[in-house]
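> Requesting a structural model of the entry that follows:
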Amino acid sequence: MAAKFLVKRSSVSGQAPNTSQLTTGELALNLTDGIMYGSNGSVIFEIGANVSSLSVNGYSFPSTDGANGQVLKTDGNGNITFETPVEGFTTNDVDSHLNTGTANNDNVLSWNGTDYEWVAQSGGSGSVTITEYLYKPTSNTSVFSGADENGIVLDYTSGEEDVYLNGIKLISVDDYVATNSSAVTLQANAVNGDTVQIVKISGSSTVLEYQYTVSANQTIFTGSDDNSAVLNYTPGREQVFLNGVKLINGDDYSRPNTSHIILTANAVATDVLEAVVFAGAGGDLTEAVGYASSNTDLLTINTFNKTVYRTAKYIIQANTSDSYAASEALVIHDGTTAYVTEYGTLYSNNNLYTVSSDISSNDVRLNVTPTGSGTTFKVKRIAIKV
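You can find the predicted model right below:
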């Protein structure tokens, strides 16, 4: 009969040997728990399945089950435990955290060092927003507030508003009172059929003016104006006047794209249409503005104040009926002399212009000299302050 091989054993549940009971290489068995133990002389370790604790490559796993919905989480030091996961934010959590109840029209989120808060847009950011409130009273009315014809609720900063009655600009105090941030009170009643427009301009921007003198009946205004400036604007950042009377978008004109203004009714000979355009990015970053040249004379296509800006970078684009050209130019000045370098020149047939720069009074000027007549230019600028 073959000899039996027996190891040390115990029938007491939960009982495990220690190093004084097991020598190096010796085995022991807990019959009730079904766990076998071994020893390397320094520590006791479990062998095989049904282990009561588990460590893998130094990572210690929990020996008991976690609660319903818990997940395994490490502390980064090799210890793994069951933890309740952090619940995701609900809509109410986000609303509370961002203080949406305290936000006003045109506010932006700003970090104050510990939390986000709603603050008014800074004019120094160089962006501009035009909000127009339109009211059409049906009876004698002097106080205008609340939702306008388009459902927009009046909200403005006193002193930063323009008020128009039937397109005629009113004078603060003489013609109206900015009662508070949510109401405007006329000194005399508006009547049925009148139109009251309150314009709020938030932020700061480069202001461009285009003027067209009408020679015959027309509704479409585009291209070069009386001063050879080519109409270019961002819809919603323009104000349009006909013979000094402010027009209303939708009622009096439409803006189908960035280069056209279309009147609802004909302008007639000798009328003057003026478009006041607010570029979208302030003085240090201007949107592309167009100019047309009918000859080869030197043409100034951009200026900046030498006391405000030291350096400017330009992207220049030009075209004739059959040719296109573009380049970049870098301008810097020392208060007396302007210096310019042109680079990255590209053209389809022939180069259409040369670039120069000078100082006139406080203005640093970017100039182009067309190589032929009928050249249209567009320019975009980035500037760095002194």
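> Can you pull out the low-pLDDT segments for the stretch 151-300 of the chain?
For the stretch 151-300 of the chain, residues meeting the criterion pLDDT under 70 lie at 203-206, 279-289.
> at 50 what do you get?
Along the stretch 151-300 of the chain, segments meeting pLDDT under 50 span 281-283.
> The residue nearest to residue 41 when sequence neighbours are not counted: what secondary structure?
Of all residues not flanking residue 41 in the chain, residue 24 sits nearest, at 3.8 Å (CB to CB, 6 or more residues apart in numbering). Bear in mind the C-beta positions are built from the backbone N, C-alpha and C, glycine included. What DSSP: H, G, I helix; E, B strand; the rest coil gives for residue 24 is coil.
> thought residue 24 was touching residue 39?
Yes. Using CB atoms under 8 Å, residue 24 is in contact with residue 39, at 6.0 Å.
> tally of neighbours for the residue lying closest to residue 386 once chain neighbours are set aside?
Among residues not flanking residue 386 along the chain, residue 310 sits closest, at 4.6 Å (CB to CB, 6+ apart). For residue 310, the neighbour count with other CB atoms under 10 Å is 17.
> And residue 239, which helix or strand is it part of?
strand 238-242 (DSSP states H and E).
> Next secondary structure after that strand?
Next in sequence after strand 238-242, counting helices and strands by DSSP H and E, comes strand 245-246.
> Comparing residue 24 and residue 39, which shows the higher neighbour count?
Set residue 24 next to residue 39 and count neighbours by other CB under 10 Å: residue 39 wins out with 20 against 10.
> ok, now which ones touch the more buried one?
For residue 39, the contact set (CB atoms under 8 Å, 6 or more residues apart in numbering) comprises 17, 19, 22-26, 45.
> do that again at 7 Å, thanks
Counting by CB atoms under 7 Å, 6 or more residues apart in numbering, residue 39 makes contact with 19, 22-24, 26.
> just residue 217 next, same as before
266, 268.
> next one: the one 5 residues further on
For residue 222, the set of contacting residues under the criterion of CB under 7 Å, 6+ apart consists of 231, 259-260.
> quick one on the thing from earlier: would you mind putting the contacts of residue 39 into JSON lines with pLDDT alongside?
Formatted as JSON lines, these follow (pLDDT from 0 to 100):
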{"residue": "19", "pLDDT": "86"}
{"residue": "22", "pLDDT": "83"}
{"residue": "23", "pLDDT": "85"}
{"residue": "24", "pLDDT": "87"}
{"residue": "26", "pLDDT": "87"}
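> thought the residue nearest to residue 386 was touching residue 334?
No. Using CB atoms under 7 Å, residue 310 is not in contact with residue 334; the gap is 8.9 Å.
> hang on, the earlier thing: please dump the contacts of residue 39 into a markdown table; it should also carry distance to residue 369 for every row.
Shown next, in a markdown table, are those (distance: CB to CB, whole Å):
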| residue | distance to residue 369 |
| --- | --- |
| 19 | 96 |
| 22 | 99 |
| 23 | 101 |
| 24 | 96 |
| 26 | 100 |
